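In: Return atomic coordinates for the entry below.
(one chain, ligands or ions: 1)
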Amino acid sequence: MPVSFNLTGKTAIVTGTNTGLGQAIAVALADAGADVALVGRSSMAETEAAVSAAGGRTLAIEADLSTLEPIPRILEETLGWSGRADILVNNAGIIRRADAIDFTEDDWDAVMDVNLKTVFFLAQAFARHLIADGRRGKIINIASLLSFQGGIRVPSYTASKSGLAGLTRQLAFEWASKGINVNAIAPGYFATNNTEALMVDPDRNAAILARIPAGHWGNPDELGGAAVFLASPASDYVHGVVLPVDGGWLAR
Ligand code: NAD
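Out: Presented below is the predicted three-dimensional model:
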């Protein structure tokens, strides 16, 4: 059988798609043929236009993922719209920066809730749907280099993304036999809102750039290929990996 990266006829749910990496992933999946349910807490008009231009149908689902409340609705609205859900990309995430010694409970809970708790329960709802329907599916979690490294002044973010790497392996192992692939992508340093504070700090910006073998901050478009691979039949035998897309950062 020829290798297939084609997503025609598939429906993806992508969280956190108003901007940044989520927007780029949604467009890449549409380019490969998927229809995309865009989940976010603010207007996703720009992403809707970009996905449509790439040939995909879109549904915008407004949802605040800091609680579990919207999870049933995300599945219901997607299924009501397209009749299926094949791919879930858990991309929405937040970061709070402070020295560990001063870190607050709010900065801990807020990050863990969006980056880890909601991710787990949305994956659970998605997997329950697939298993009930007896269909294959793909879950892609957006992890981080801080799934592997300690990071600087971001204790809850590192804990959440390291936890997400473990959760990816745990779910992969539990659901592989059900035909569900659970994998993660660990983006390196990409130019988005998430990293703006680093880019505008001349010292941190120079230090980061000097350490990236590829010599530049990632452009969100450079993440799309990995997402399409992990969403497509080409990765059917890939389970539980955390795939760095980092310009060589971890290889150094
Ligand atoms: P971003 O801040 O531009 O995007 C984050 C997205 O998550 C936005 O769409 C935002 O609206 C959404 N979001 C946050 N809280 C939400 C909530 N409560 N409810 C609904 N949506 C919510 O940053 P980004 O860089 O595009 O980040 C996307 C993912 O990639 C995050 O999980 C982030 O941790 C991860 N990541 C980014 C980088 C990077 O270099 N940019 C590196 C490693 C990992």
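In: Contacts for the helix or strand where residue 78 lies next, please.
Out: Element membership of residue 78, judged by DSSP states H and E, is helix 71-82. Identification of contacts with helix 71-82 by C-beta atoms under 8 Å, 6 or more residues apart in numbering yields 11, 13, 35, 37, 39, 57, 59, 61, 63, 85, 118, 121-122, 125-126, 129. Every C-beta, even on glycine, is put in place using the N, C-alpha and C of the backbone.
In: Mark which of these are buried, thanks.
Out: 11, 13, 35, 37, 39, 59, 61, 63, 85, 118, 122, 125-126, 129 (16 or more other C-beta atoms under 10 Å).
In: Can you pick out the most distant pair from those?
Out: Pairwise distances across the buried ones among the contacts of helix 71-82 (C-beta to C-beta) peak at 22.8 Å, for the pair 35 and 118.
In: Need the contact partners of the helix or strand hosting residue 50.
Out: Here residue 50, judged by DSSP H and E, is contained in helix 45-53. Helix 45-53 has contacts (C-beta under 8 Å, 6+ apart) with 17-19, 22-23, 26-27, 30, 36, 38, 40, 57-58, 60.
In: try 10 Å
Out: Applying C-beta atoms under 10 Å, 6 or more residues apart in numbering, the contact partners of helix 45-53 are 12, 14, 17-20, 22-31, 34-36, 38, 40, 44, 56-60.
In: could I get the helix or strand that comes right after it in PDB with only the CA atoms?
Out: Of the helices and strands lying after helix 45-53 in sequence (DSSP H and E), the nearest is strand 58-62. Extracted in PDB, the C-alpha atoms of strand 58-62 (Å, rounded to 0.1, in the frame of the first residue of the first chain):
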ATOM      1  CA  THR A  58     -14.700  24.900   9.400                       C
ATOM      2  CA  LEU A  59     -16.900  25.000  12.400                       C
ATOM      3  CA  ALA A  60     -16.000  27.600  15.100                       C
ATOM      4  CA  ILE A  61     -16.700  26.400  18.700                       C
ATOM      5  CA  GLU A  62     -16.300  29.000  21.400                       C
END
